[in-house]
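Student: Predicted model, plus sequence, below.
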Amino acid sequence: MTITKSPLGVIETVYQHLRVRLVTGQLKPGEKLKISLMSDEMHVSTGVVREALTRLSAENLVVATPQRGFRVAPMSASELLDLTHVRIDIEGLCIRRSLTLGDVEWESAVVGAYHRLMHTPARDGHRQALPSTAWYSAHNHFHDTIISACDSPWLLKLRGQLHVQGERYRLIAASMIHHDERDLDDEHRHLLDAVTRRDIELTIELIGAHFLQTAKGLIERGADIWLAR
C-alpha cells in the first residue's frame, strides 16, 4: 500500500485503512500494533501511523498504554451486553425525537427503506450461513431512516459511535458462528407498523428486543469462547 497525498490526506487515508481492519477483525482483539512495521507496510512515516492510532484510540478501537504503545481494543461478552444496553438507550432517545418530528416525507422514506430491505436477498448463495453484504446495507439503511428525523446532532453522533462498536462485534463474530433462525422479516414488519402508527413506546420496545436478541445470540452460540474474559 503506497500513499501519495498531502500530510493531512495521508493521515486520513491511514486512519480509514486501519479503521476498516480493526472493525472487520483483520487486526485481532488484544493484538499489539507495531508502528514501525505498519509504517513500512503502508510506506508512510511512523508519525503518521501514530497519529492515526491516536485518533482510533479516541473511538475505543485501539488502546494506548504509556510506554507500551498501542493494542487492538479487547472484546468480551460482558462488554457486548453493556454496549447493547447503552445502544438501546441512545436509540430510544433518537426514536422518540424522530417519531415526534418526522413528516410525511420522512415516513415515506421509512416505508421505502423497508421495501428495499424486504426485496434484498438475504443470502448471496444457498449455502451461505450469514446474511449478504447487500442485506446488511439495506438493514442498516432501514434503521438509519427510522431515526433520520432526530434533530440532535450529539445523539446521532453517539449513536454512530456505538453502531461502529456493535458492528465490530458482529463482523468479527460472524465468521465463527452460524446465523440463527430468527424471523427477521417479521421483526421488521412489526417495527414498521409501530413506526408508521407513531407508537413511540412500542417502537422503542421492539428496537430494544431486536438489539438485545442479536447480542445474546452471538454469546449463546459460542462467540464468548474466543472473546476476552
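Tutor: That came through fine.
Student: Show me the helices in this protein, by range?
Tutor: 7-23, 35-42, 46-58, 77-101, 104-118, 133-146, 153-174, 184-196, 200-220 (DSSP state H).
Student: which residues does residue 106 contact?
Tutor: Contact analysis of residue 106 by CB atoms under 8 Å, 6 or more residues apart in numbering lists 98, 145, 148, 149. C-beta coordinates here come from the backbone N, C-alpha and C atoms, glycine included.
Student: circling back: export the helices of the chain to JSON lines and tack on distance to residue 67 and mean pLDDT?
Tutor: What follows is these, written out as JSON lines (distance: least, CB to CB, whole Å; pLDDT from 0 to 100):
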{"stretch": "helix 7-23", "distance to residue 67": "22", "mean pLDDT": "87"}
{"stretch": "helix 35-42", "distance to residue 67": "14", "mean pLDDT": "90"}
{"stretch": "helix 46-58", "distance to residue 67": "14", "mean pLDDT": "92"}
{"stretch": "helix 77-101", "distance to residue 67": "25", "mean pLDDT": "96"}
{"stretch": "helix 104-118", "distance to residue 67": "48", "mean pLDDT": "97"}
{"stretch": "helix 133-146", "distance to residue 67": "39", "mean pLDDT": "92"}
{"stretch": "helix 153-174", "distance to residue 67": "27", "mean pLDDT": "88"}
{"stretch": "helix 184-196", "distance to residue 67": "47", "mean pLDDT": "95"}
{"stretch": "helix 200-220", "distance to residue 67": "34", "mean pLDDT": "91"}
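Student: Next, count neighbours for residue 52.
Tutor: 26 (other CB atoms under 10 Å).
Student: From residue 14, how far out is it?
Tutor: For residue 52, the distance to residue 14 equals 4 Å [CB to CB, to the nearest Å].
Student: and what of residue 172?
Tutor: As defined by CB to CB, residue 172 lies at a distance of 21 Å from residue 14.
Student: ok, these two, which is more surrounded?
Tutor: residue 14 (26 against 21).
Student: List phi and psi for the residue located most distally from the centre of the chain.
Tutor: Largest separation from the mean C-alpha position in the chain: residue 67, at 30.7 Å (CA atoms, centre = their mean). Phi and psi for residue 67, reported as degrees, to the nearest 10, are phi 70, psi 0.
Student: tell me the contacts of it?
Tutor: Residue 67 neighbours (CB under 8 Å, 6+ apart): none.
Student: On the pLDDT front, check it for me.
Tutor: On pLDDT, residue 67 comes in at 78.
Student: try the one 5 residues further on
Tutor: The predicted local confidence for residue 72 comes out at a pLDDT of 93.
Student: surely it meets residue 34?
Tutor: No. With contact defined as CB atoms under 8 Å, residue 72 does not count as touching residue 34 (11.7 Å).
Student: quick one, which of those two is more surrounded?
Tutor: residue 72 (22 against 13).
Student: And the more buried one, how far from residue 172?
Tutor: On the measure of CB to CB, residue 72 and residue 172 end up 10 Å apart.
Student: Common neighbours of the two, please.
Tutor: The contact sets of residue 72 and residue 172 overlap at residue 29 (CB under 8 Å, 6+ apart).
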